[in-house]
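**Q** With the sequence up front, the predicted model follows.
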Amino acid sequence: MAGPMPQTRADAPPAPWDGLARLAQPFFQNWMRGTLSIVGGLALWEFLSRYVVDNSLFLAAPTQIAAALIKLTETGELQHHIAISALEFVLGFVIASVLGIALGVAMASSVAVKQVMQPWVSGVYATPTIALAPLFILWLGIGIWSKVIVVVTLVLFSVSINTEAGLLQTSDRLVEMLRSFGATRRQIFWKLSLPSAMPFVLAGLKLGIGRGLIGVVVAELFGSRAGLGRLISQSADSFNMPELFAGVVVLAAAGIVMTAGFSWLEGKLVPWTKD
């Protein structure tokens, strides 16, 4: 009687590293595409600044910007400017995030609160808040708090509007089901409404990153002792394009890193949105 058929290569169980390879493939594809995009953009930038424009008063090459970053880092000037701008941004962003989420929850929970606050939210959100920066500096001086208020004003309403929209998207059927099982209003909020609104809240916070960075820089341009906006202003006054672009590059890198961080956090807090 014939024995069992030998296991062929096609019937062999997959190697354990095959699964890892399948999981890692999308990550490496995205990483490679992003890297090639950055390298290609920098190469084109270098070519245009060296051979097309060829005037350092109008456009600085990436190599010149890198040299300026190294020089500013060695003198400690860059770290000082980054520390001041980072402090202003973090304080304003945290205050705006807390107040914005609280305001969004209040507007979504109470019709009376929404009727009272809606004209203010719509009016201030549509107002070019940047134009108010000189007024804040006049009231509070050129210290950090005038910049913090500008950041708060720019970030607050994007967070509150997104929070309110997310809470209003909660399924009424799910709310009624939880009520039928005896869930309290607080339990419905923490177990259903807030988790379902979290993608909207995170979207508002991600929008606030760019608006907050703009607020910091513009407020520093109007009046400050230090900060990346001050560095950019000084460089523009002296026609030092490499240092001007160095400040811009640092701001862009900060925006990319923080946005990527919120995207990672979104994947951890609301993984169902990534499916």
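**A** Done, it's in. Numbering: from 1, shown residues only.

**Q** Next, work out how far apart L59 and V152 are.
**A** 35 Å (Cβ to Cβ, to the nearest Å). Every C-beta, even on glycine, is put in place using the N, C-alpha and C of the backbone.

**Q** ok, the two, which is more surrounded?
**A** Counting neighbours by other Cβ atoms under 10 Å for L59 and for V152 shows that V152 has the greater number, 24 against 16.

**Q** how close does that one sit to G92?
**A** Counting by Cβ to Cβ, the gap between V152 and G92 amounts to 5 Å.

**Q** A183 and K191 touch, don't they?
**A** Yes: under the criterion of Cβ atoms under 8 Å, A183 is in contact with K191, at a separation of 7.3 Å.

**Q** Between those two, which has more neighbouring residues?
**A** Between A183 and K191, counting by other Cβ under 10 Å, A183 is the more crowded of the two (16 against 13).

**Q** any idea whether the more buried one is helix, strand or coil?
**A** When the structure is split into helix, strand and coil by DSSP: H, G, I helix; E, B strand; the rest coil, A183 lands in coil.

**Q** Would you mind measuring from it to S171?
**A** Between A183 and S171 the distance, using Cβ to Cβ, works out to 14 Å.

**Q** pLDDT weak spots in this protein?
**A** Low-confidence segments of the chain, defined by pLDDT under 70: 1-31, 54, 56, 272-275.

**Q** ok, now with 80
**A** 1-34, 50-59, 124-131, 266-267, 269-275 (pLDDT under 80).

**Q** Enumerate every residue touching P195.
**A** With contact taken as Cβ atoms under 8 Å, 6 or more residues apart in numbering, P195 is in contact with V270.

**Q** if we go to 10 Å?
**A** With contacts defined as Cβ atoms under 10 Å, 6 or more residues apart in numbering, P195 is in contact with G166, T170, F189, L269, V270, W272.

**Q** so which of those residues is the most crowded?
**A** Ranked by neighbour count under the definition other Cβ under 10 Å, the contacts of P195 are headed by G166 with 24 neighbours.

**Q** Output stretch 253-262 as PDB - backbone C-alpha positions only.
**A** Written as PDB, here are the backbone C-alpha positions of stretch 253-262 (Å, rounded to 0.1, in the frame of the first residue of the first chain):
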ATOM      1  CA  ALA A 253       9.600  70.300   8.800                       C
ATOM      2  CA  ALA A 254       7.800  71.100  12.100                       C
ATOM      3  CA  GLY A 255       4.500  71.000  10.300                       C
ATOM      4  CA  ILE A 256       5.300  67.700   8.500                       C
ATOM      5  CA  VAL A 257       6.400  66.000  11.700                       C
ATOM      6  CA  MET A 258       3.400  67.200  13.800                       C
ATOM      7  CA  THR A 259       0.900  66.300  11.100                       C
ATOM      8  CA  ALA A 260       2.500  62.800  10.800                       C
ATOM      9  CA  GLY A 261       2.400  62.500  14.500                       C
ATOM     10  CA  PHE A 262      -1.400  63.200  14.600                       C
END
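
**Q** Just the buried positions in that stretch, please.
**A** Within stretch 253-262, the residues that qualify as buried are A254, G255, M258, F262, counting by 16 or more other Cβ atoms under 10 Å.

**Q** Excluding chain neighbours, give the residue nearest to V218 in space.
**A** Residue nearest to V218 in three dimensions, not counting chain neighbours: I130, with 5.0 Å by Cβ to Cβ, 6 or more residues apart in numbering.

**Q** Kindly report the same for A236.
**A** Counting by Cβ to Cβ, 6+ apart, L244 is the residue found nearest to A236 once chain neighbours are left out, at 5.6 Å.

**Q** Which of the helices or strands spans that neighbour?
**A** In this structure, L244 sits in helix 241-269 according to DSSP states H and E.
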